[in-house]
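K.L.:
Okay, here's the prediction I keep looking at, along with the sequence it came from:
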Amino acid sequence: MANSVSLSTSNKDLWAGGTEPYKASYGKLMMWFFLISDAFTFSAFLIAYGVIRFKHPAYEGNLSDFSFSQSYWPVPEKVFEAFPFFHGVELPLVFVGLMTFILILSSVTMVLAVEAGHRMDRQGVEKWMIWTIIGGLTFLGCQAWEWSHFIHGTDAGSRLLDGSIIYGANLELNQYGPPDFAAFFFFITGFHGFHVFSGVALNFLIFYQATVGILERRGHYEMVEKVGLYWHFVDLVWVFVFTFFYLV
Amino acid sequence: MIEPEVSNIKPIPADKSKIWQIWKVALILGVVTAAEFFVALQFPESWKDFKLFLFIGMTFIKAGYIVMEFMHLGHEQKSLMWTILLPTAFVIWLIGALFIQADAIYQVLYN
């Protein structure tokens, strides 16, 4: 009997807030449930992309003869082959690959910030949070460049059936293929990019709170952990976007 | 004038093996991403289905490491882990339902 917590607590009281279900705090649990619902949203986006892609004819023939056309779905590695300061050089998927590495690295620095928080290491939390914020901002900058390139288009553009040439893409016209392709690019990477943006804002908030000592006075750095969960989720989504939008 | 706040909490020294574990997962994620590149650009076009299989496999390896290690889900209570993982089965249902629908639309439009 020496080890029992309390004799007067019934099982019912425990679930009424007497203890933490799953040994996870309220905040962490709610963050997980939010992430589940967010995962469904992103799944819906990516699956809708698959559906619309299957609705269109695929490109048949050699990759080296590929040209943009409204009559079939484009091959992603032929669309995303530009790199800043290397105008006209074909570098398929290199830029998105770089973006992937940047986001993975910022996820790593976030884990290190959480680890420092567990040890009540305020300086460690500050250092790794600032690296995470820098990683997030770099990713956003890369995405801004990619959007700008996608919207303005290539030098040659693409000829429509009536003979007119269009450059780049918007929600009505798309030089790279069917307009749906551009619409999905804007919605999927845009929705993800907005998640990254909110992630950076939350990371900055936590960085600020750690720096002025709010978290230390609170006695624990659990906020870093909760925001960290969100940040890793953003990285996780990008892993799927990278595969199903750019590689396949 | 407000005195700058001085922390009187001594941080617990870092456990080297724990830090190394984090970087090891980062290394695995980096290597798998590099492998995805290699498959995308070096494997012949005719291996289309095999490439797709590899991409999906590698994506789930990366997702597994992020969720289980970085998000720490693998080290939480098992009941919490399954509470989070099992609902994603609905995603598989959505894929099945909508891809059958997509094929039907394609048949109507092009056949």
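P.N.:
Sure, I can see it.

K.L.:
And the strands in chain A?
P.N.:
All strands of chain A, identified by DSSP state E, fall at A:158-159, A:165-166.

K.L.:
pLDDT weak spots in chain B?
P.N.:
For chain B, the stretches flagged by pLDDT under 70 are B:1-7.

K.L.:
Let me have the strands of chain A in JSON lines, adding distance to chain B and mean neighbour count as columns.
P.N.:
The way it works is simple: take the backbone N, C-alpha and C, and place the C-beta from them, glycine included. Formatted as JSON lines, the strands of chain A follow (distance: least, CB to the nearest CB, whole Å; neighbours: other CB atoms under 10 Å in any protein chain shown):
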{"stretch": "strand A:158-159", "distance to chain B": "22", "mean neighbour count": "18"}
{"stretch": "strand A:165-166", "distance to chain B": "24", "mean neighbour count": "14"}
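
K.L.:
Of the ones you listed, which is nearest B:L27?
P.N.:
Smallest distance to B:L27 across these (CB to CB): 41.3 Å, for strand A:158-159.

K.L.:
What pairs with that closest one, parallel or antiparallel?
P.N.:
Strand pairing for strand A:158-159, using DSSP bridges, gives strand A:165-166 (antiparallel).

K.L.:
Need the residues that contact the partner strand.
P.N.:
Identification of contacts with strand A:165-166 by CB atoms under 8 Å, 6 or more residues apart in numbering or on different chains yields A:153, A:157-160, A:173-175.

K.L.:
now the residues you listed: which count as buried?
P.N.:
Neighbour-count burial (16 or more other CB atoms under 10 Å in any protein chain shown) applied to the contacts of strand A:165-166 gives A:153, A:158, A:173-175.

K.L.:
quick check, nearest of those residues to chain B?
P.N.:
Proximity of those to chain B (CB to the nearest CB) peaks at A:N174, which lies at 18.7 Å.

K.L.:
The chain: helices as residue ranges?
P.N.:
Chain wasn't specified; assuming chain A. Along chain A, counting by DSSP state H, helices occupy A:11-13, A:26-55, A:76-79, A:94-118, A:122-152, A:179-211, A:214-218, A:222-241.

K.L.:
right idea, wrong chain: chain B
P.N.:
Under DSSP H, chain B gives helices at B:16-42, B:48-65, B:78-85, B:89-110.

K.L.:
could you dump those helices to a markdown table with distance to chain A and mean neighbour count?
P.N.:
Output for those, formatted as a markdown table (distance: least, CB to the nearest CB, whole Å; neighbours: other CB under 10 Å):
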| stretch | distance to chain A | mean neighbour count |
| --- | --- | --- |
| helix B:16-42 | 4 | 14 |
| helix B:48-65 | 4 | 15 |
| helix B:78-85 | 4 | 14 |
| helix B:89-110 | 4 | 12 |
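
K.L.:
Reformat these as a markdown table; add distance to B:I9.
P.N.:
Shown next, in a markdown table, are those (distance: least, CB to CB, whole Å):
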| stretch | distance to B:I9 |
| --- | --- |
| helix B:16-42 | 20 |
| helix B:48-65 | 32 |
| helix B:78-85 | 30 |
| helix B:89-110 | 44 |
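
K.L.:
hmm, back to that, kindly reformat the helices of chain A as JSON lines containing mean neighbour count and distance to chain B.
P.N.:
Output for these, formatted as JSON lines (neighbours: other CB atoms under 10 Å in any protein chain shown; distance: least, CB to the nearest CB, whole Å):
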{"stretch": "helix A:11-13", "mean neighbour count": "9", "distance to chain B": "16"}
{"stretch": "helix A:26-55", "mean neighbour count": "16", "distance to chain B": "4"}
{"stretch": "helix A:76-79", "mean neighbour count": "20", "distance to chain B": "7"}
{"stretch": "helix A:94-118", "mean neighbour count": "23", "distance to chain B": "4"}
{"stretch": "helix A:122-152", "mean neighbour count": "18", "distance to chain B": "6"}
{"stretch": "helix A:179-211", "mean neighbour count": "18", "distance to chain B": "10"}
{"stretch": "helix A:214-218", "mean neighbour count": "15", "distance to chain B": "6"}
{"stretch": "helix A:222-241", "mean neighbour count": "23", "distance to chain B": "5"}
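
K.L.:
what's the closest of the ones you listed to A:F66?
P.N.:
Of the helices of chain A, nearest to A:F66 by CB to CB is helix A:76-79, at 5.1 Å.

K.L.:
which residues touch stretch B:99-111?
P.N.:
So stretch B:99-111 is contacted by A:47, A:50-52, A:54-55, A:57 (CB under 8 Å, 6+ apart).

K.L.:
how about a cut-off of 10 Å?
P.N.:
A:47-48, A:50-57 (CB atoms under 10 Å, 6 or more residues apart in numbering or on different chains).

K.L.:
picking up where we left off before, between the contacts of strand A:165-166, which is nearest B:K62?
P.N.:
Out of the contacts of strand A:165-166, the member with the shortest distance to B:K62 (by CB to CB) is A:N174, at 29.9 Å.

K.L.:
hang on, isn't that closest one packed against A:F150?
P.N.:
Yes. A:N174 lies in contact with A:F150 (CB atoms under 10 Å); the separation is 9.4 Å.

K.L.:
Need the overlap of contacts for those two.
P.N.:
Joint contacts of A:N174 and A:F150 (CB under 10 Å, 6+ apart) are A:79, A:168, A:182, A:185.

K.L.:
can you redo these as a markdown table with pLDDT?
P.N.:
Shown next, in a markdown table, are those (pLDDT from 0 to 100):
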| residue | pLDDT |
| --- | --- |
| A:V79 | 89 |
| A:G168 | 88 |
| A:A182 | 94 |
| A:F185 | 94 |
